[in-house]
Structure formats: C-alpha cells, structure tokens
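Asker: Provided below for reference: sequence and predicted model.
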Amino acid sequence: MTFFEHGLAELARVQHRGARLMVHDAGPLGLQALYEKAGLPMRLYLAFRAGVDAWRALEAEGGGLDRARLQARMLERFLSCEAVKYNVLQEDVVYLMERLDQTLETAPSPQEERLVSV
C-alpha cells in the first residue's frame, strides 16, 4: 500500500502524507480526487477503488495480507460493483471471472490459514 500511496503522490505532485490521507479517507472522494489529479484514466478508477477497499477490509479482519487473499477480494469487490455492469466490456468481465476462479482454486482455505498461523 505504501508503494501505491507514494506512486499516486508522485503523479499528483503532492506530498506523501497528503496522498496517504486521501487514499485512506473514509469517504469515496479523497481517493477519487487524488486519482484524478494524478492524471490516471477514469475508466480504471473502480479497479483502484476496489483494491484499496479490499486491502482495508483484509487489514481490519486481521490475519495475513497474502497475495491470493488480496487478489481474490479485489476481484470480488470490483466485479460486484454496480458500475461494472455499465462501464466494463463483457470479455473483460469474463476474463476477470476466470482469474477469480483460478485465484480461489489456489488460495488456502480459511481452515488451512488458521493451522498455519497457530
């Protein structure tokens, strides 16, 4: 997450501290304002929003922030977003669904994760 914050800060030409506050703003406008200022394409904003939300949710749950869990959560958040129905090409949704299936097949189950963390 720190890399993402620094990247947005650099692109938006703001200090990292300000970018960090905007990324982690509880409302939806902080990240969007920073994203727009960074000059990134708005068609990808929902994917970035889903990533930040997934990271935040996993961190709040405790447990590990392993790649498979984060990737699966990001894809679930993005694909369940209402705007995806109208702003994403059907073949892109199919591709992401296939990636989600692959991620879920290779991710350890919650029971396996508990055994490893004990």
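Answerer: Ah, there it is.

Asker: Contacts for stretch 16-30, please.
Answerer: Stretch 16-30 has contacts (Cβ atoms under 8 Å, 6 or more residues apart in numbering) with 1, 4-6, 8-9, 12, 31, 33-34, 49, 52, 56. Quick note: C-beta positions are derived from backbone N, CA and C, even for glycine.

Asker: starting at the chain centroid, how far to that stretch?
Answerer: Computed by Cα atoms, centre = their mean, to the nearest Å, the chain-centroid distance of stretch 16-30 equals 14 Å.

Asker: Quick one: low-confidence residue ranges for the chain.
Answerer: Within the chain, the stretches with pLDDT under 70 are 63-65, 81-90, 92-96, 100, 103-104, 107-118.

Asker: if we can go back for a sec, in the contacts of stretch 16-30, which residue is surrounded by the most others?
Answerer: residue 34 (24 neighbours; other Cβ atoms under 10 Å).

Asker: right, and it touches residue 8 too?
Answerer: Yes - Residue 34 is within contact range of residue 8, at 5.5 Å (criterion: Cβ atoms under 8 Å).
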